[in-house]
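Student: here's a sequence, model it:
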Amino acid sequence: MTRLLLALAGVILLAVTALAAVWLLGQLLTGLGVFVVGAVGVLGRLLWFLLVTGLLAGLVYFVTSAWRPALRARGGGEAARPAAAAPVRLEKAPVTSDTSA
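Tutor: This next block holds a predicted model:
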């Protein structure tokens with residue numbers, strides 16, 4: 001009878017341990033799922049932000065590169081460049097020895 005009771009206690013203990021392991025695995029998978037869903041939400045909003053920002057930046061770049069009233073008024077196609085400055089020549093001053101002090 002003792003063997004039967006020990007075997008029954010072992011089966012019950014094994015079943016409880018298996019249920020606890022399944023519960024713990026479920027908790028871990030639930031936490032992982034919450035993390036994955038949160039990461040997908042953050043990355044989705046980041047992707048939306050980058051797409052909208054890229055489109056707006058492209059539009060701004062297009063408008064600023066296409067609309068140049070100063071070039072049309074001047075009639076030229078190149079940007080205004082300042083005239084090249086003449087090179088400055090530095091001449092050495094004559095060295096005088098002042099010994100009157």
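Student: low-confidence stretches in this protein?
Tutor: 68-86, 98-101 (pLDDT under 70).
Student: in it, which spans are helices?
Tutor: Using DSSP state H, the helices of the chain run over 2-66, 69-74.
Student: let's have these in CSV, adding distance to Ser97.
Tutor: (C-beta placed from N, C-alpha, C; glycine too.) As requested, those are arranged in CSV below (distance: least, CB to CB, whole Å):
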stretch, distance to Ser97
helix 2-66, 62
helix 69-74, 57
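Student: just put those in JSON lines and tack on mean neighbour count and distance to Pro87.
Tutor: Formatted as JSON lines, the helices of the chain follow (neighbours: other CB atoms under 10 Å; distance: least, CB to CB, whole Å):
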{"stretch": "helix 2-66", "mean neighbour count": "10", "distance to Pro87": "34"}
{"stretch": "helix 69-74", "mean neighbour count": "10", "distance to Pro87": "28"}
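Student: tell me which of the ones you listed sits nearest to Ala93.
Tutor: Counting by CB to CB, Ala93 lies closest to helix 69-74 out of these; the figure is 43.8 Å.
Student: quickly note the distance from Ala20 to Gly26.
Tutor: According to CB to CB, to the nearest Å, Ala20 stands 11 Å off from Gly26.
Student: okay, and the common contacts of the two?
Tutor: Any residue near both Ala20 and Gly26 by CB atoms under 8 Å, 6 or more residues apart in numbering counts here, and not one turns up.
Student: one step back: closest to Thr96 out of the helices of the chain?
Tutor: helix 69-74 (52.4 Å).
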